[in-house]
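S.K.: Sequence unavailable; structure follows:
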Ligand SMILES: [Zn+2]
């Protein structure tokens, strides 16, 4: 019954670089369990109950459970992760993590349900939201510094059923994106491209919300470029170099002053509309987090897979009921308070696990 030593030697967690490699790396539940064990205990299994570091017993019928050879206590590989108490096989989660983190446009719950052959839409919906909770890096730092940052706000559509364009209850999003430059061989000159991104769902364009977002997201001392909105006019007092320009919808001015943020908003709206057919305000921040996660890793998409599972192994996700009752607050990557709380909880769990 016991599987004995894992067939995969312990080594730094590597990642699949293609669908084929993924399939080969995770053909069954045991392979997924081995991977999770290596992610959680890179230096070898340490029993959370008695603290002894030794090879545990493994069971073919219950691959997600390890039994300590010293104290005989069982440890669940999914405990303390977004997969906790899951009824889904591990390989469904692995496919989900792979698909949401490496597919450029991400996946809707419906596409996902079909791809994985899940019988219920709610299962797909719940699973994707749990993975989105793992798409927030707990150590998110503020962007900017040597890079100038473009900041702007925009309505992002939302559900437009029966209302048509221009409805005013569309949710509002504020964004900050780093301006980076590289030499374009084709154009023979330096061109701008987007560096790291931050997005937040806000209630209004008030100075309070604009300033709070800038303070939480951008390193003081950075150059911040905005339009003429007076919500930003006190940024110099907060320690930022502020470059404001009244744009009046003038295309040339926008192109010169805030070129990147407009592309970001345009792509974000296309994604929300095209992949998800609009998103309710209640869940918007989760989708923004997902978008930022992929955006900030778009030059090395394959590292995202391990990242989702890696972070996922120390973070608890929402329950289905919590999502629908609205009790669960989607983690906002740019709220240091919540990040601190998450870190505290994680270190508490780690200390408990270490006892
Ligand atoms: Zn033990």
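M.R.: That came through, no problem. Just so it is clear, the model here is predicted, and its values are computed rather than measured. Numbering: from 1, shown residues only.

S.K.: May I have the secondary structure class of residue 191?
M.R.: Secondary structure state of residue 191, per DSSP: H, G, I helix; E, B strand; the rest coil, is strand.

S.K.: Could you pull up the residues touching it?
M.R.: 181, 182, 183, 184 (Cβ atoms under 8 Å, 6 or more residues apart in numbering). From N, CA and C alone the C-beta is placed, and that goes for glycine too.

S.K.: which parts of stretch 109-120 are buried?
M.R.: The neighbour-count check on stretch 109-120 (16 or more other Cβ atoms under 10 Å) flags 109, 111, 112, 113, 116, 118 as buried.

S.K.: would CSV of the residues you listed with distance to residue 24 and pLDDT be doable?
M.R.: As requested, the buried residues of stretch 109-120 are exported to CSV (distance: Cβ to Cβ, whole Å; pLDDT from 0 to 100):
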residue, distance to residue 24, pLDDT
109, 27, 83
111, 24, 85
112, 22, 83
113, 25, 87
116, 18, 82
118, 23, 88
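
S.K.: one step back: would you reformat the contacts of residue 191 as TSV and include distance to residue 209?
M.R.: What follows is the contacts of residue 191, written out as TSV (distance: Cβ to Cβ, whole Å):
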residue	distance to residue 209
181	30
182	33
183	38
184	36
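
S.K.: ok, now how distant is the residue in the stretch 151-300 of the chain that the ion sits nearest to from residue 204?
M.R.: Closest residue of the stretch 151-300 of the chain to the ion, Cβ to the ion: residue 293 (35.7 Å). Noted for residue 293: a distance of 26 Å to residue 204, by Cβ to Cβ, to the nearest Å.

S.K.: between the two, which one's more packed in?
M.R.: More crowded of residue 293 and residue 204, by other Cβ atoms under 10 Å: residue 293, with 25 against 11.

S.K.: Leaving out chain neighbours, which residue sits closest to the more buried one?
M.R.: residue 135 (3.8 Å; Cβ to Cβ, 6 or more residues apart in numbering).

S.K.: roughly how far apart are the one you found and the ion?
M.R.: 33 Å (Cβ to the ion, to the nearest Å).

S.K.: tell me, how many neighbours does that residue end up with?
M.R.: 25.

S.K.: what does residue 297 give?
M.R.: Considering only other Cβ under 10 Å, residue 297 is surrounded by 18 other residues.

S.K.: hang on, the earlier thing: might you report the residue contacts of the residue nearest to residue 293?
M.R.: If you count contacts by Cβ under 8 Å, 6+ apart, then residue 135 has 100, 101, 289, 290, 293, 308, 311 around it.

S.K.: So which of those is the closest to residue 63?
M.R.: Distance ranking of those against residue 63, using Cβ to Cβ, places residue 308 first at 20.0 Å.

S.K.: Among the contacts of residue 191, which are located in strands?
M.R.: Among those, the residues falling in strands (DSSP state E) are 181, 182, 183, 184.

S.K.: The third one and residue 193 touch, don't they?
M.R.: No - Residue 183 is not in contact with residue 193 according to Cβ atoms under 8 Å; the separation is 11.2 Å.

S.K.: helix/strand/coil for the residue of the stretch 151-300 of the chain closest to the ion?
M.R.: Going by three-state DSSP: residue 293 is helix.

S.K.: what does the stretch 51-200 of the chain have sitting close to the ion?
M.R.: 68, 70, 71 (Cβ under 5 Å from the ion).

S.K.: Near the closest residue to the second one other than its chain neighbours, how many residues? Count them for me, please.
M.R.: For residue 70, ignoring the flanking residues on the chain, the nearest one in space by Cβ to Cβ, 6+ apart is residue 52 at 4.4 Å. Residues lying near residue 52 (other Cβ under 10 Å) number 13.

S.K.: Surely residue 224 is within a strand?
M.R.: Yes - Residue 224 forms part of a strand when assessed by three-state DSSP.

S.K.: What's the per-residue pLDDT of the closest residue to it other than its chain neighbours here?
M.R.: Among residues not flanking residue 224 along the chain, residue 240 sits closest, at 4.8 Å (Cβ to Cβ, 6+ apart). With respect to pLDDT, residue 240 has a value of 97.

S.K.: ok, residue 240 to residue 222 distance?
M.R.: Distance from residue 240 to residue 222, by Cβ to Cβ: 6 Å.
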